[in-house]
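# Pasted the sequence and its predicted model underneath.
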Amino acid sequence: PAGPTVRPASALPRELGKPEDDLQLDVRAYQVDGLPSVSAADLAAVTAPFTGTARHYEDLGNAVAAVTRYMQRKLGYYVGMAYLPEQMLQDGVVHIFALEGRLDDVQVRWPAALPVRHEVIERYLAQLKPGAILRVADIERVVYLVNDLPGVRARFEIEPGREPGTASLIVTPEAEPRFSGRLDYDTLGPRNTGVSRFGARAVIASPTGLGDALQLNLRGSAGGGLYDGGVSYSLPVGGSGLKLGTVLSEVHYFLPSAAVLQNLRGTATLGNVLGLYPVVRSRNLNLFMLATVARKRFEDRWESLVVRRSTHSVQLGVLGDYRDDAFGGAVSTYELSLLQGSAALGPLYSLTGLQANYRKLDVSWSRLQNLVPGRLQLYLRAKGQFANTNLDPSERMPVGGADGVRAFDPAEGAADDAQLLTAELRWLPPASLFGNVARELVFSAFYDWGHARYAHAPDALGALAAELLGPQNRATLGALGAGVLWERPNDFTLRFNLAWHVQGQPTIRPHSHLPRAEMVLSKAF
């Protein structure tokens, strides 16, 4: 179907220039022409403050500016504007003419070489139709979707179109590095498999030229208690922003001092396929829908005994972020997902009381709030998991560790139902203290709180699981700590935290009063 027509230049009324002598008019109302889809009542409300007797030219200009603001902020017209045309005043009605700002054309200035094929980028640009009104939401969506493609960065500019009231969109894609990677060292691992860990990641941007991405990951503990590897692949489909992907990974672990069985070792294999769709993609609000189908297989070995189990699950969720100006401005993130799973349990696991079918709800929210611009921030986070029955161990939520209560080992507090709260004060030091490095530093003080309900239905547990659980089915953990982050974008990251437990008793190193230290060192290449 044909798009909206563009009004020819000859049909546009000439703009009224500022008169040499001041004028006074009795303005009964304003009539805004050129906005057929907007109700006259709404436009009258916008211009009402500028009506009345003895109005000057400046009042008319202010009414025009108010209409322009309404078009751009309320209607979301990206280049919409109003002006005062030449006219004869009749019955106290002043005419204002509005230009909606329609798209003339999209021009792409292609570079000599680009990892992503031209037709892939053109599919996204085709969402913008010549002749249609240029809306902020439509422009931002295309800008972000194109820049989401691995291996490309695009600059978007607006230039005047061939007709008044129209604009041309100029797109300049640039190639980004096709290969990138990272080496990591951290002390975030659990004590039973090794605190110190080494990792590596390699990413190939658009290996087939389709805007896809291939990622390889390797990680291992210094003591050899755990090592894993994985590969993931994602591919954009069409021009709407939909991406499909798959992840394959395998974990090998060795527990020389497990709670019940000594020298327990095993393998976990994960495979999933996923779909991610951006319902809203913009500067101040992002909303994604995520669907995942996953299969996990586990094999535990102790001496000559081999125990196998597997799980299948389907997960649906939404996630995203938003920005607002409240109290100095903030960025918030959110996530909500529901997982339905089933487990194929071996004879031994059938004695634990685990259920073959289970469901869990995961929610999380965080907010980074500016307190003193450029100097002081407050980070808040809430996270929770709610199950309907006793879960497979792989589906439990950890309460300890770097993503939980940081004074406790990552192996502590894995629970069917769990909640976490974090409050962290972040200080960005001035250059007078650290010179140019100051903008790369963040100092923090934090409090973590977590509650774990280890078994959703403890009465349904078998004898083996009950022995592992012990008499206490609930625990509340708390920690105070401080940390420093030194981050140079696209180069390296160094993070160090110290955390003291102030609530709850650790089951790993139960009599130690020393703080738990966390260090992360990452180098990009």
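Thanks, I have it.

# For residue 440, what are phi and psi?
Phi and psi for residue 440, reported as degrees, to the nearest 10, are phi -100, psi 0.

# Give the burial count for it, as a bare number.
Using other CB atoms under 10 Å, residue 440 is surrounded by 18 other residues. Yep, even glycine has a C-beta here, placed from its N, CA and C like the rest.

# distance of it from residue 446?
Residue 440 is 20 Å from residue 446, where distance means CB to CB, to the nearest Å.

# what bridges to residue 420?
residue 383, residue 450 (DSSP bridges).

# That one contacts residue 385, doesn't it?
No - using CB atoms under 8 Å, residue 420 is not in contact with residue 385, being 9.2 Å away.

# which regions of the stretch 151-300 of the chain lie under the pLDDT threshold?
Along the stretch 151-300 of the chain, the parts satisfying pLDDT under 70 run over 257-262.

# ok, 80 please
Confidence mapping of the stretch 151-300 of the chain against pLDDT under 80 gives the ranges 223-224, 256-263.

# for it, what spans make up the strands?
Taking DSSP state E, counting those that start in this stretch, the strands of the stretch 151-300 of the chain run over residues 152-160, 166-175, 179-186, 197-205, 213-221, 226-236, 243-257, 262-281, 285-302.

# List the neighbouring strands of the second one plus their orientation.
Looking back up the chat, that one is strand 166-175. Strand 166-175 pairs in its sheet with strand 102-108 (parallel), strand 152-160 (antiparallel), by DSSP bridges.

# will you turn those into a markdown table that also has mean neighbour count?
Output for the strands paired with strand 166-175, formatted as a markdown table (neighbours: other CB atoms under 10 Å):
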| stretch | mean neighbour count |
| --- | --- |
| strand 102-108 | 18 |
| strand 152-160 | 14 |
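
# where exactly do the helices run in the chain?
Ranges of helices within the chain are 40-47, 57-69, 118-125, 136-147, 431-434, 463-469, based on DSSP state H.

# in the longest one, what counts as buried?
Buried residues in helix 57-69, defined by neighbour count with 16 or more other CB atoms under 10 Å: 57, 59-60, 63-64, 66-68.

# Neighbours of the closest residue to residue 59 other than its chain neighbours, how many?
Closest residue in space to residue 59, ignoring its immediate chain neighbours: residue 50 at 4.9 Å, by CB to CB, 6 or more residues apart in numbering. Applying other CB under 10 Å, we find 20 residues neighbouring residue 50.

# Residue 203 now?
The burial count assigned to residue 203 is 19, neighbours taken as other CB under 10 Å.

# for residue 210, same thing?
With other CB under 10 Å as criterion, residue 210 counts 17.

# quick one, what contacts it?
Shown in contact with residue 210 (CB atoms under 8 Å, 6 or more residues apart in numbering): 116-117, 120, 235-236.

# can you pull the contacts of the residue lying closest to residue 115 once chain neighbours are set aside?
In space, and not counting its chain neighbours, residue 115 is closest to residue 151: 3.5 Å by CB to CB, 6+ apart. Residue 151 sits next to 114-116, 175-178, 205-206, 211 when contact means CB under 8 Å, 6+ apart.

# now residue 151: how far from residue 214?
Distance, residue 151 to residue 214, using CB to CB: 11 Å.

# Same question for residue 448.
Residue 448 is 36 Å from residue 214, where distance means CB to CB.

# So for these two, which residue has more residues nearby?
Higher neighbour count among residue 448 and residue 214: residue 448, with 27 against 17, using other CB under 10 Å.

# Quick check on the contacts of residue 210: which are buried?
By neighbour count, with 16+ other CB under 10 Å, these hold 116, 120, 235-236 as buried.

# so can I have JSON lines of the strands paired with strand 166-175 showing distance to residue 343?
Shown next, in JSON lines, are the strands paired with strand 166-175 (distance: least, CB to CB, whole Å):
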{"stretch": "strand 102-108", "distance to residue 343": "51"}
{"stretch": "strand 152-160", "distance to residue 343": "42"}
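
# right, so of those strands, which gets closest to residue 306?
Minimum separation from residue 306 across the strands paired with strand 166-175 (CB to CB) falls at strand 152-160, 48.5 Å.

# could you dump that closest one to PDB, C-alpha only?
Once non-C-alpha atoms are left out, strand 152-160 reads as follows in PDB (Å, rounded to 0.1, in the frame of the first residue of the first chain):
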ATOM      1  CA  VAL A 152      28.800  -3.000  13.400                       C
ATOM      2  CA  ARG A 153      28.300   0.400  14.800                       C
ATOM      3  CA  ALA A 154      26.000   2.900  13.000                       C
ATOM      4  CA  ARG A 155      25.600   6.600  13.300                       C
ATOM      5  CA  PHE A 156      22.200   8.200  12.400                       C
ATOM      6  CA  GLU A 157      21.800  11.800  11.400                       C
ATOM      7  CA  ILE A 158      18.800  13.900  10.200                       C
ATOM      8  CA  GLU A 159      19.100  16.200   7.200                       C
ATOM      9  CA  PRO A 160      16.400  18.300   5.500                       C
END
